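Asks: Okay, sequence plus prediction incoming.
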Number of protein chains: 2
Amino acid sequence: MAGAPHPPIICTVDVVLLTLADGALQVLLARRDREPFNGVLALPGGYIHREDDQSARDAAVRVLADKAGVASPYLEQLETFSGPARDPRGWSLSVAYYALVPLTALPTPHAGVGLKPVDRLPSLPFDHRQIVDAAVQRVRAKSQYSSLPVHLCDERFTLPQLQAVYEAVLGESINKVSFRRKVDSLAMLEAIEGELEHGRANRPAQLYRLRREFRHALSMVDRGLNPRD
Amino acid sequence: MAGAPHPPIICTVDVVLLTLADGALQVLLARRDREPFNGVLALPGGYIHREDDQSARDAAVRVLADKAGVASPYLEQLETFSGPARDPRGWSLSVAYYALVPLTALPTPHAGVGLKPVDRLPSLPFDHRQIVDAAVQRVRAKSQYSSLPVHLCDERFTLPQLQAVYEAVLGESINKVSFRRKVDSLAMLEAIEGELEHGRANRPAQLYRLRREFRHALSMVDRGLNPRD
DNA sequence: CGAATAGTGTCTGTTAGACATTATCGA
DNA sequence: TCGATAATGTCTAACAGACACTATTCG
């Protein structure tokens, strides 16, 4: 039943690394150093290495370290894109991931790597535009009901800073009292006792950090049709 | 830079077909007709065919038609599972999908195909147990705030029937008035004028159907941190 | 008519957003 | 003391859940 031999399916990963810079969501793009699309700005990505990688996720972690110099960010599988036409080399399949990091966790911008606002993307090769759009849509959706955006903050942050991050991601202003009530109900933060953010001409703000159990999990609000509690 | 030749990564799809039978979520399992695990109950799945399939989704549709005799159900990508150990043949990657169908859309049970309650699964080969669990978790989560469970109903259904479906999926009873308010706000249904469900010793119920624009999209409730409207 | 379930009106406690007030800093 | 922003108290409108009531069928 085996027909004529075919070249194998090309198996890759692509990573949408998102950060907040200049008050806007930005995606990390790297200049490609090989064909196809040599020299073109694209998502960091690469082949899955059978010999090195224990999973597609491992490949994504490796790609992020190699091409962006980023270690252990918040990383989640997004979606798998596939088909005969998305890569000029042939039938291909790419497991896409998205990563969230604070701007301070990125190495100083080096040659061939840069950030671009997700709302004003340059032309991208493959179906990378579609992948970025899917990632942004996912992040905005999950930010509406979860603690996801904390991963765009530094390790220590104030509630006004966190609110500004949510507002930048969601693209709309949030009521301060409601926001604080919601954050409180998510039970994801702990105040750092005695630590305040001084330095400006006003009352200093309490510093918080993410509680341990939420460093790689999300806290979600109850919502929708289900009875609460 | 190309090292020693490796056998290619095994690219497959697996489908978690869920339906509601005997008031419980059940998954369709098919007896495998080839190695590995020949003769064992497993998720319907198979290789992605470079020559036939325009995408992994196409492969999932094909597998569902071939192994379960189901055409055009609600089908959504779940997650991609990968690694060197999940398949005894070697490093493999499976794009998992989940499908929701009403029991009436399944062909009469034939040899080697059957339904099993998701809460009392038999031992499954590969990492199929993990895949089923991920699908069930996803379906339960999305059912809390979207119209997803309507795809477990027949084309025409009453509101009490729909509520029973939600309750079976979520595993808890729902307030009738709240449920109807929520369904109304989702704006996903249209009453079938003059069509009532007769036959029992009580007031007949209005029949509804899913509005066209939601046949392959979901309606979601507002929720969480974002300001409404 | 009585049992049974569909569908709706209404009351009440909870919650979200608006606004005001107090707190605490630097200059 | 003043300007600025953090943090919190309070009022009100919207909403969710509970309950009761009406509607409509079969037997």
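Replies: Nice, thanks for sending it over.

Asks: Can you tell me the SS state at A:Tyr208?
Replies: The three-state label for A:Tyr208, taken from DSSP: H, G, I helix; E, B strand; the rest coil, comes out as strand.

Asks: OK, contacts around it?
Replies: By CB atoms under 8 Å, 6 or more residues apart in numbering or on different chains, the residues touching A:Tyr208 are A:Arg156, A:Phe157, A:Thr158, A:Leu159, A:Leu162, A:Leu189, A:Glu190, A:Ala191, A:Ile192. Every residue, glycine included, has its C-beta placed from N, CA and C.

Asks: what about it, distance to A:Gln144?
Replies: Here A:Tyr208 is placed at a distance of 21 Å from A:Gln144 (CB to CB, to the nearest Å).

Asks: do the same with A:Ser55
Replies: 29 Å.

Asks: Those two: which is more packed in?
Replies: A:Ser55 (21 against 18; other CB atoms under 10 Å in any protein chain shown).

Asks: quick one: strands adjacent to the helix or strand of chain A with the lowest mean pLDDT?
Replies: Lowest on mean pLDDT, DSSP states H and E among the helices and strands of chain A sits strand A:189-197, with a mean of 89. Applying DSSP bridges, strand A:189-197 is found paired with strand A:205-210 (antiparallel).

Asks: Quick check: mean pLDDT of the strand it pairs with?
Replies: Averaging pLDDT along strand A:205-210 gives 97.

Asks: Just the C-alphas of it, formatted as PDB.
Replies: The C-alpha trace of strand A:205-210 is given here as PDB (Å, rounded to 0.1, in the frame of the first residue of the first chain):
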ATOM      1  CA  ALA A 205       3.100  52.300  46.000                       C
ATOM      2  CA  GLN A 206       3.200  48.800  47.600                       C
ATOM      3  CA  LEU A 207       5.400  46.400  45.700                       C
ATOM      4  CA  TYR A 208       4.000  42.900  44.900                       C
ATOM      5  CA  ARG A 209       5.300  39.700  43.400                       C
ATOM      6  CA  LEU A 210       3.600  36.700  41.800                       C
END
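
Asks: Is it in proximity to DNA strand C?
Replies: No - remark: strand A:205-210 sits outside contact range of DNA strand C, by CB under 7 Å from any atom of the strand, the gap being at least 10.0 Å.

Asks: Next one: that strand, is it in contact with DNA strand D?
Replies: Yes - using CB under 7 Å from any atom of the strand, strand A:205-210 comes into contact with DNA strand D via A:Ala205, A:Gln206.

Asks: returning to that earlier point: buried residues in the least confident helix or strand of chain A, which are they?
Replies: A:Leu189 (16 or more other CB atoms under 10 Å in any protein chain shown).

Asks: With stretch A:89-98 instead?
Replies: Using 16+ other CB under 10 Å as the test for burial, stretch A:89-98 gives A:Trp91, A:Ser92, A:Leu93, A:Ser94, A:Val95, A:Ala96, A:Tyr97, A:Tyr98.

Asks: Past the one helix or strand the fifth one maps to, which element shows up next along the chain?
Replies: With secondary structure defined by DSSP states H and E, A:Val95 is part of strand A:92-100. With elements assigned by DSSP H and E, the helix or strand that comes after strand A:92-100 is strand A:113-117.

Asks: Could you give the average pLDDT over stretch A:151-171?
Replies: pLDDT averaged over stretch A:151-171 gives 97.

Asks: scratch that, stretch A:57-73
Replies: pLDDT averaged over stretch A:57-73 gives 95.

Asks: can you check stretch A:107-121 too?
Replies: In this model, stretch A:107-121 carries a mean pLDDT of 91.

Asks: Now do the end-to-end distance for that stretch.
Replies: 22 Å (CA to CA, to the nearest Å).

Asks: quick one: A:Gln137 is in a strand?
Replies: No - using three-state DSSP, the assignment for A:Gln137 is helix, not a strand.

Asks: so how many other residues sit close to it?
Replies: Neighbours of A:Gln137 (other CB under 10 Å): 11.

Asks: do the same with A:Ile48
Replies: A:Ile48: 24 surrounding residues under other CB under 10 Å.

Asks: show me the contacts for it.
Replies: A:Cys11, A:Thr12, A:Val13, A:Ala56, A:Ala59, A:Val95, B:Ile9, B:Ser82, B:Leu93.

Asks: got it, and A:Glu190?
Replies: Shown in contact with A:Glu190 (CB under 8 Å, 6+ apart): A:Tyr208, A:Arg209, A:Arg211.

Asks: out of those, who's nearest DNA strand D?
Replies: A:Tyr208 (8.6 Å; CB to the nearest atom of the strand).

Asks: where's the closest one relative to A:Ala191, distance?
Replies: As for A:Tyr208, its distance to A:Ala191 is 6 Å (criterion: CB to CB).

Asks: ok, now A:Pro122?
Replies: For A:Pro122, the distance to A:Ala191 equals 42 Å [CB to CB].

Asks: Ok, A:Arg31 next?
Replies: Spatial separation of A:Arg31 from A:Ala191 under the definition CB to CB is 43 Å.

Asks: need the residues of chain A near DNA strand C, please.
Replies: Contact residues (CB under 7 Å from any atom of the strand) of chain A with DNA strand C: A:175-178, A:181-182, A:196, A:198-204, A:228.

Asks: out of those, which are buried?
Replies: Of the residues of chain A next to DNA strand C, these count as buried by 16+ other CB under 10 Å: A:Lys182.

Asks: min pLDDT across the residues of chain A next to DNA strand C, which one?
Replies: A:Arg228 (39).

Asks: Neighbouring strands - and their directions - for the longest strand that chain A contains?
Replies: Assignment by DSSP state E gives strand A:10-21 as the longest strand of chain A. Taking DSSP bridges as the criterion, strand A:10-21 forms sheet pairs with strand A:24-31 (antiparallel), strand A:45-47 (antiparallel), strand A:92-100 (parallel).

Asks: just checking, next helix/strand downstream of the first one?
Replies: Spelled out, that is strand A:24-31. Downstream of strand A:24-31, the first helix or strand assigned by DSSP H and E is strand A:41-42.

Asks: The second one too?
Replies: Read in the C-terminal direction, the helix or strand following strand A:45-47 is helix A:56-68, with elements assigned using DSSP H and E.

Asks: Report whether that next one contacts chain B.
Replies: Yes - using CB under 8 Å from any CB of the partner chain, helix A:56-68 reaches chain B at A:Ala56, A:Arg57.

Asks: and the angle from that helix to strand B:92-100?
Replies: On the basis of axes from the mean of the first three to the mean of the last three CA atoms, to 10 degrees, helix A:56-68 is oriented at 120 degrees to strand B:92-100.

Asks: Identify the residues contacting the next helix or strand after helix A:56-68?
Replies: Later in the chain than helix A:56-68, the nearest helix or strand by DSSP H and E is strand A:74-83. Strand A:74-83 has contacts (CB under 8 Å, 6+ apart) with A:14-16, A:56-57, A:60-61, A:64, A:91-101, A:127, A:130-131, A:134-135, A:138, A:151, A:216, B:48, B:54-56, B:77, B:79-80, B:95.

Asks: Would you map out the domains in chain A?
Replies: By the assignment in automatic domain parsing, chain A contains the domains A:10-143, A:148-214.
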